[in-house]
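Enquirer: Can you look at this prediction? I've put the sequence above it.
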Amino acid sequence: MGFFTPANEKVAADIASRYPRRRSAMIPLLHLAQEQEGWVTGPAMEQIAELTGTTPVEVLGTGSFYEMFKFHPVGRYLVNVCTNISCQLLGAEDLLEHVESSLGVRAGSTTDDGLFTIEEVECVAACTEAPCFTVNYRYFHRATPVLFDEVVADLRAGESPLARGGAADDGPMPEHGTLARNRQRIPVRSRAGVVPPEDVNDPPAWMPTEAAADG
Ligand code: FES
């Protein structure tokens, strides 16, 4: 029996039919598999290999290049805590310690109830809002232990925490495994000035002027 549900079999066939070379469908099929199960299982890799005319090892070799495809079970809520430099300078290590102690598992592990997996991650590209964590790739900005506890309490109560921590309310928290429907939103006040090249008259502030260089 195949891995995909009957409904997803049809989606998978449609995806595969769009590519002149079947193996080109591998990445979208990995997305579909992860959306179905929350992670990419062995049977999923076997069926993707059949659909793309490859082998399960090739599917694993391709998919495992991408950090966001998971090849092991992951909790319903994947908590990524950024501890890269901007976040680290603003307390990310304390935040991670709090996340681990409050959930009772270390980074890289899943809570016994299967609800939360913690990962310590590199920069998630929201440095102006550091420190940050994400849950199922939804962003929580300027994070504190209190914010994290509130988010967890909301999730345990079946409520949306997305109004908290500067996270835009983009609809319900995505099911784990959903990767392609997440968009980050940096608040307007924190965005770099975006000016069309033809409107730029001054050198960037960081570039030394001749006068300053002579002096
Ligand atoms: S260092 Fe944490 S978001 Fe960039």
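Expert: Received the coordinates, thanks.

Enquirer: How is the chain divided into domains?
Expert: 6-63, 77-185 (automatic domain parsing).

Enquirer: now the ones you listed in a markdown table, with mean pLDDT?
Expert: Shown next, in a markdown table, are the domains of the chain (pLDDT from 0 to 100):
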| stretch | mean pLDDT |
| --- | --- |
| domain 6-63 | 94 |
| domain 77-185 | 88 |
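
Enquirer: Need these in a markdown table (columns: mean neighbour count and distance to the ligand).
Expert: No exception for glycine: its C-beta is placed from N, CA and C like everyone else's. A markdown table is the format used below for the domains of the chain (neighbours: other Cβ atoms under 10 Å; distance: least, Cβ to the nearest ligand atom, whole Å):
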| stretch | mean neighbour count | distance to the ligand |
| --- | --- | --- |
| domain 6-63 | 17 | 23 |
| domain 77-185 | 18 | 3 |
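
Enquirer: Walking through this protein, point out its strands one by one.
Expert: Residue ranges of the strands in the chain, as given by DSSP state E, are 77-82, 116-121, 133-135, 138-140.

Enquirer: how about the helices in the chain?
Expert: 6-17, 26-37, 42-52, 56-63, 85-89, 92-103, 145-156, 210-214 (DSSP state H).

Enquirer: Report the central residue of this structure.
Expert: Compute the mean C-alpha point of the chain, and by Cα atoms, centre = their mean the closest residue is Tyr137, 3.6 Å away.
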